[in-house]
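Q: Sequence and predicted structure below; questions after.
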Amino acid sequence: MVCNPSGGVLRLVLGDQLGANLSALEGLNPAADTVLMAEVADEATYVLHHKQKIALIFAAMRAHARALEAGGVRVRYIRIDDAGSTGSIAGELGRAIEALAPTRVVRTACGEWRLEAALEAFAQTQSIPIEVREDSRFLCSRADFARWSEGRRDLTMEWFYRDMRRRTGLLMDGDQPVGGVWNLDRDNRNGPARHLRPPTNPRTPPSHATRQVIAEVEARFADHFGGLEQFAWATTAAEAQAEFDWFLDHALPGFGQWQDTMLLGETWMWHAGISTSLHLGLLDPLEVCRAAEARWRDGRAPLNAVEGFIRQIIGWREFVRGVYWLKMPEYALRNALQADRRLPWFYWSGETDMACVADVVAQVRDHAYAHHIQRLMVTGNLAMLLGVAPAEINDWYMVVFADAFEWVELPNTHGMATFADGGIVGSKPYAAGGAYINRMSNACGSCRYDVKGRLQDDACPFNALYWDFLDRNAPRLAGLHRLQMPYKTLSRMTPEERQRIRAKAEATRLAMGAAPL
Ligand code: FAD
Ligand code: DLZ
Ligand code: SF4
């Protein structure tokens, strides 16, 4: 990979900016410009990412560099083992500026606040111009989201989503939603039917080049969480498209109906598994949504599936990213419920008798993936009920998932799963006892705990924790409209019963290792 002094424009491409239409590459002159890509220790270790995430990013970066070079573009590519590497993106930018003497630098805005702040600080130390362009992986710019949020008391995803439907024209009949309804979520909450069998997702077997990266990551990042044996992530746009085509044919039709369902030992089910490809720029969000819409218009997928899928992408994905950039850096420090406990060790080891939790932990170890309801209602819900400190929870979510980038992880964890943001993203905490998991999964049947029990030794731990959570947080939560029903039930319990629940919940927390920090 070439590194001649160019005098042209130096264009920075980060490991999650691998799309063909990246704004930093607009106007590229192959005769004069150089693209800088750098595998660096800082990005690989600012959290101890799952090994599969590092392997995915490095393999995708190398494939992208090869494709650019094949198209005649000069790439200065720094590998993780480069002896002269400074270990940081800013450091590598500095080294490239010195070596190539470019006329200016062009880069696309970073996804994460942390790196954007570091690169802004770096720019202050430089005399050459550094142009920062809009992040082309999203449909709604940061400025547009800020405008949308102006003057609103609550940032409700549903209103944002409807505006995005109007803006994109997706599933619209003129200015009305097709079918006359904006949101078909009420049709999308099925638990597992008897003998329910999800389609078998082939995913992407690693190429020769990817297997080489896997071996390097195994050697260099041996102390990071997770296994590499079952690595099956798309690392190029072509692989990502093939995975998505499979989803359109085999899983999209059932996506609506079964998107909240959990089955032990089943990983992908009716989910697309495309979050990494969207975040890395291997798939374009609007094209993905248009392809799904076409399936409905052709009669090959029902509206509840297609609407639900599109809502996740132009609704939730864009919304959480907008909230992140609107509220950072203060957002990361929020702890509305003053949670202060340790994360139990079994989140890492999987050593727990709770069948639902053990299944998710084994899955993230092997695949660096869990679907939304596993993240929200199993691991997230349990951590919230235990009162685990937000920093501990965020660290776990950032580590274990291949698709974990703070702009999407933090609003989901802080906002959706634990209510640490105090209600910016969600209007209530998604707290639930074992009954919810029993309804949506087949886990309880093979669990040592009794899902209906509350106080006895083998009672499902979610139950006492759930009622204790509501009780403990009543001053903050009892007024929330959407929690009126459970608080009414709680108010019918005697003081003695509530005391027994409190004692059982505390004993459960301590037995799990969720001691105060
Ligand atoms: P599908 O279920 O097939 O959905 C399609 C696409 O919709 C996804 O690829 C994703 O881009 C988008 N999407 C769906 N739900 C959300 C959502 N809540 N927020 C943003 N986009 C969404 N997603 C991440 O990409 N990275 C994370 O680090 C992450 N952390 C999460 C933490 C918690 C506590 C929760 C509850 C959710 C989190 N999510 C995160 C959201 C969601 O779980 C994943 O996007 C989804 O599971 C990815 O798998 P998929 O591609 O099979 O999604
Ligand atoms: C996640 C990641 C990793 C593991 N490694 C690199 C890297 O070596 N070089 C790089 O340019 N990007 C990497 N990334 C992605 C960055 O962390 C990502 O660009 C920032 O978090 C901003 O979103
Ligand atoms: Fe999970 Fe409780 Fe069901 Fe066991 S009984 S699988 S712990 S919800």
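A: Structure's in. What do you need? Ligands and ions are numbered 1, 2, ... in the order given.
Q: pull the CA atoms of stretch 33-49 into CSV?
A: Output of stretch 33-49 as CSV, limited to C-alpha atoms (Å, rounded to 0.1, in the frame of the first residue of the first chain):
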residue,chain,number,x,y,z
ASP,A,33,-5.2,12.7,-3.3
THR,A,34,-4.4,10.0,-0.7
VAL,A,35,-6.9,8.1,1.5
LEU,A,36,-5.7,7.4,5.1
MET,A,37,-6.9,4.3,6.9
ALA,A,38,-5.4,3.2,10.2
GLU,A,39,-5.9,0.2,12.4
VAL,A,40,-5.0,1.7,15.8
ALA,A,41,-4.7,0.4,19.3
ASP,A,42,-6.8,3.2,20.8
GLU,A,43,-9.8,2.3,18.8
ALA,A,44,-9.4,-1.4,19.4
THR,A,45,-9.1,-1.0,23.2
TYR,A,46,-11.0,2.2,24.3
VAL,A,47,-13.4,-0.5,25.5
LEU,A,48,-12.3,-4.2,25.4
HIS,A,49,-14.5,-4.9,22.3
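Q: Do that stretch and ligand 2 come into contact?
A: Yes: for stretch 33-49 and ligand 2, the contact criterion (CB under 6 Å from any ligand atom) is met by Ala38, Glu39, Val40, Glu43, Ala44, His49. Heads up, the C-betas are built off the backbone N, CA and C, glycines and all.
Q: pLDDT on that stretch, on average?
A: For stretch 33-49, mean pLDDT rounds to 98.
Q: just how off-centre is it within its chain?
A: Put simply, stretch 33-49 sits 19 Å off its chain's centre (CA atoms, centre = their mean, to the nearest Å).
Q: Which residues of this structure lie near ligand 1?
A: 259, 271-275, 278, 309, 312-313, 316-317, 320, 371-372, 375-376, 380, 397, 401, 403-404, 408-409, 412-413, 416-417.
Q: Counting only helices, which of those make the cut?
A: Judged by DSSP state H, those include Ser275, Leu278, Phe309, Val320, His372, Tyr397, Val408, Glu409 as members of helices.
Q: Counting neighbours, which of the residues of the chain next to ligand 1 end up buried?
A: For the residues of the chain next to ligand 1, a burial check counting by 16 or more other CB atoms under 10 Å picks out 259, 271-275, 278, 309, 312-313, 316-317, 320, 371-372, 375-376, 380, 397, 401, 403-404, 408-409, 412-413, 416-417.
Q: Stretch 334-345 vs ligand 3: in contact?
A: No: against ligand 3, stretch 334-345 shows no contacts by CB under 6 Å from any ligand atom, the least distance being 13.0 Å.
Q: what's that stretch in contact with?
A: Under the criterion CB atoms under 8 Å, 6 or more residues apart in numbering, residues 351-352, 383-384, 386-390, 392-393, 395-396, 414, 418-423, 429, 473, 476, 509, 512-517 lie in contact with stretch 334-345.
Q: Keep only those of these that are in strands.
A: Among the contacts of stretch 334-345, no member is found in strands (DSSP state E).
Q: Now the buried members of those residues.
A: Of the contacts of stretch 334-345, these count as buried by 16+ other CB under 10 Å: 352, 383-384, 386-390, 392-393, 395-396, 414, 418-421, 423, 429, 473, 509, 512, 514.
Q: give me the subset of the ones in helices among the residues of the chain next to ligand 1 touching ligand 3.
A: By CB under 6 Å from any ligand atom, no member of those lies near ligand 3.
Q: would you turn those residues into JSON lines with pLDDT and distance to Pro177?
A: Supplementary listing: those in JSON lines, determined by pLDDT from 0 to 100; distance: CB to CB, whole Å:
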{"residue": "Ser275", "pLDDT": "98", "distance to Pro177": "25"}
{"residue": "Leu278", "pLDDT": "98", "distance to Pro177": "23"}
{"residue": "Phe309", "pLDDT": "98", "distance to Pro177": "15"}
{"residue": "Val320", "pLDDT": "98", "distance to Pro177": "22"}
{"residue": "His372", "pLDDT": "97", "distance to Pro177": "23"}
{"residue": "Tyr397", "pLDDT": "98", "distance to Pro177": "33"}
{"residue": "Val408", "pLDDT": "98", "distance to Pro177": "25"}
{"residue": "Glu409", "pLDDT": "98", "distance to Pro177": "30"}
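Q: May I ask which two of these are separated the most?
A: Greatest spatial distance in these: Phe309 and Tyr397, 22.6 Å, computed using CB to CB.
Q: wait, does the helix or strand containing Arg62 contact ligand 2?
A: When elements are assigned from DSSP states H and E, Arg62 belongs to helix 51-70. Yes: with CB under 6 Å from any ligand atom as the criterion, ligand 2 is reached by helix 51-70 at Ile54, Ile57.
Q: Check which strands are paired with the next helix or strand after that helix and give the direction for each one.
A: As assigned by DSSP H and E, the chain's next helix or strand after helix 51-70 is strand 74-78. Applying DSSP bridges to the sheet, strand 74-78 is found paired with strand 34-38 (parallel).
Q: Give me the contacts around the strand it pairs with.
A: 3-4, 6, 8-15, 25, 28, 61, 64-65, 68, 73-78, 85, 89, 92-93, 96, 100, 102.
Q: what does the stretch 101-250 of the chain have sitting close to ligand 2?
A: Within the stretch 101-250 of the chain, the residues that sit near ligand 2 (CB under 6 Å from any ligand atom) are Cys110, Gly111, Glu112, Leu115.
Q: Who are the contact partners of the last one?
A: Put plainly, it is Leu115. Per CB under 8 Å, 6+ apart, neighbours of Leu115: Leu14, Glu43, Ile89.
Q: Pick the one among those residues closest to Ala146.
A: Checking the contacts of Leu115 against Ala146 by CB to CB gives Leu14 as the nearest, at 23.0 Å.
Q: For the closest one, give me the pLDDT.
A: 98.
Q: do the same with Asn188
A: With respect to pLDDT, Asn188 scores 77.
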